[in-house]
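Participant: when you get a sec, could you give me coordinates for this:
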Amino acid sequence: MYKKYNLLILIFSSIFTLNIYSSSIEEMILEDKDRFSDVALKIWDHAEMGYQEIKSSNLLATELEKEGFKITRNVAGIPTAFIAEYGSNGPVIGILGEFDALPGLAQSTSPFKEIINNGTGAGHACGHHLFGAASAWAAVSIKKWLETNGIDGRIRFYGTPAEEGGSGKVYMVREGLFNDVDIVLHWHPDDTNSANLRTSNSNKSAKFTFTGISAHAAGAPEKGRSALDGVESMNMMVNMLREHVPQESRIHYVITKGGLAPNVVPDLAEVYYYVRHPKMHMVEELFQRVVKTAEGAAIGTDTSMTYEVMHGNYSLLPNDVIQRIMYKNLTTFGGIKYSKEENEYAEVIYKTFLKPSLEIGSQENISEYKKSHSYGSTDVGDVSWVVPTAGIRTATWVPGTAAHSWQAVASGGTSIGIKGTELAAKTIAATAIEIFSDPSIVMAAKNELNQRVGDDFIYKALLGDRNPPLNYRTN
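Facilitator: Modelled structure (predicted):
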């Protein structure tokens, strides 16, 4: 009863605060709309993959530096990771900003699938160009509000690279870069608008490399030892393993190297695995079982095997205190309304979906506040276990669009994507301003986090002590 009473006080307090500041928030956001729309679309054009986002990272850092933010580059040993900070004293609110693209998904804004760069080019199929731009946009608006109102507080933008399988934020958390942060806010592109208590799967990945002996596959097969046989044997055992893992588990792989010619016994082969489960300890347990299949495959095929952990993420731990404030702000600003031209575009792209779960028009709504779970993973999870964290999702894609699809790339480069970006910037800015206006929110959020992780919790990265894989390519 006591907790519910405190929560009601926070909610009514935040409603009052938003009524005072909402008009000024929208005005400040609109002042920079053209500027950050342009930033988003430039990053969409750059479409740089994880740990290679030189242009995208520099663009965001430069825009924030123009606004008086202090920029610290090359943090956590990652050239494209940076921190931009404004203000002094008072609470520290961090805003996450991503900007990496995905391989093989280069696409124009056409509502029809187009092959670009022979299908080898990268594309923003998860909307991180919008993610980074909206977060920076919100940070600038919050900075202006702090200045105008003479409020003590620090706003800190985290330029976080390589979310797509690279775990950029994990290295930043491991480095202690969030140790003095009070609250963290984030968002993500989607085909709906929501601010749910959304959890996610924990995740650990590795590349397993098998080494054998090459030989003529027909003339002297007995002299060869096939590394590809090692990979295929491992895959077969993992596929048998699926029958004996917890139901919530996810294990998937791609063969990244398998030989070059059928008449040559491959002496090198590689397979890339992801292991997921909602609980971190279960991911570790499942991962070790996958390692055993690799060891067994090497013995059975008379090859040798090594593996390299590529990344590991904690599950997402949302904070109800802040999440409810974000939900209320998102609801206040409302959903996305299409123009006539946007609706015509949406209708064309909608016809390319196999089985759309949503209809055009649903982007005007805000999903109800509830608990939900994503079977995907994010390195925001690691942040959420050390700092009270809350996030939203806004409709930057045509309803029914799947993430990591060419359709997401296409609509994310249009005004539809920009409208969702603006909604995210408004909601993040409004939430940060409320927290700065009422420091008791920080204490309530921290108390909730401490209760959920427990007194004995000590953060330890799932990827261990490995260095950032700066030569990394997503698969």
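
Participant: in this structure residue 391 contacts residue 325, no?
Facilitator: No. Using CB atoms under 8 Å, residue 391 makes no contact with residue 325, being 12.0 Å away. Every C-beta, even on glycine, is put in place using the N, C-alpha and C of the backbone.

Participant: with neighbour numbers in mind, choose between the two.
Facilitator: residue 325 (30 against 26; other CB atoms under 10 Å).

Participant: for the strand or helix carrying that one, packing partners?
Facilitator: Per DSSP states H and E: residue 325 is located in helix 320-333. Identification of packing neighbours for helix 320-333 by 3 or more CB pairs under 8 Å, 6 or more residues apart in numbering; DSSP states H and E yields helix 2-31, strand 183-190, strand 389-395, helix 415-437, helix 440-453.

Participant: now tabulate those in a markdown table and tack on distance to residue 269 and mean pLDDT.
Facilitator: Output for the helices and strands packed on helix 320-333, formatted as a markdown table (distance: least, CB to CB, whole Å; pLDDT from 0 to 100):
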| stretch | distance to residue 269 | mean pLDDT |
| --- | --- | --- |
| helix 2-31 | 52 | 57 |
| strand 183-190 | 35 | 98 |
| strand 389-395 | 39 | 98 |
| helix 415-437 | 39 | 97 |
| helix 440-453 | 41 | 97 |
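
Participant: output these as JSON lines; include the columns distance to residue 125.
Facilitator: JSON lines is the format used below for the helices and strands packed on helix 320-333 (distance: least, CB to CB, whole Å):
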{"stretch": "helix 2-31", "distance to residue 125": "26"}
{"stretch": "strand 183-190", "distance to residue 125": "10"}
{"stretch": "strand 389-395", "distance to residue 125": "16"}
{"stretch": "helix 415-437", "distance to residue 125": "12"}
{"stretch": "helix 440-453", "distance to residue 125": "32"}
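
Participant: what's the closest of those to residue 344?
Facilitator: helix 415-437 (11.4 Å; CB to CB).

Participant: tell me the angle the closest one makes with strand 183-190.
Facilitator: 170 degrees (axes from the mean of the first three to the mean of the last three CA atoms, to 10 degrees).

Participant: just to be sure, residue 275 is in a helix?
Facilitator: No. Counting by DSSP: H, G, I helix; E, B strand; the rest coil, residue 275 falls outside a helix, being strand.

Participant: and it, how close does it get to residue 316?
Facilitator: Taking CB to CB, to the nearest Å as the measure, residue 275 falls 17 Å from residue 316.

Participant: what's the answer for residue 155, then?
Facilitator: Distance from residue 155 to residue 316, by CB to CB: 23 Å.

Participant: contacts only, for the residue nearest to residue 280 when sequence neighbours are not counted.
Facilitator: Nearest residue to residue 280 in three dimensions, chain neighbours excluded: residue 202, at 4.5 Å (CB to CB, 6 or more residues apart in numbering). Contacts here follow CB atoms under 8 Å, 6 or more residues apart in numbering; on that basis residue 202 touches 276-280, 282-283, 312-315, 377, 381, 462.

Participant: possible to save the residues you listed as a markdown table with secondary structure and pLDDT?
Facilitator: Compiled in a markdown table, the contacts of residue 202 are given as follows (DSSP: H, G, I helix; E, B strand; the rest coil; pLDDT from 0 to 100):
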| residue | secondary structure | pLDDT |
| --- | --- | --- |
| 276 | strand | 97 |
| 277 | strand | 97 |
| 278 | coil | 97 |
| 279 | coil | 96 |
| 280 | helix | 95 |
| 282 | helix | 97 |
| 283 | helix | 97 |
| 312 | strand | 95 |
| 313 | strand | 96 |
| 314 | coil | 97 |
| 315 | coil | 97 |
| 377 | coil | 93 |
| 381 | helix | 97 |
| 462 | coil | 94 |
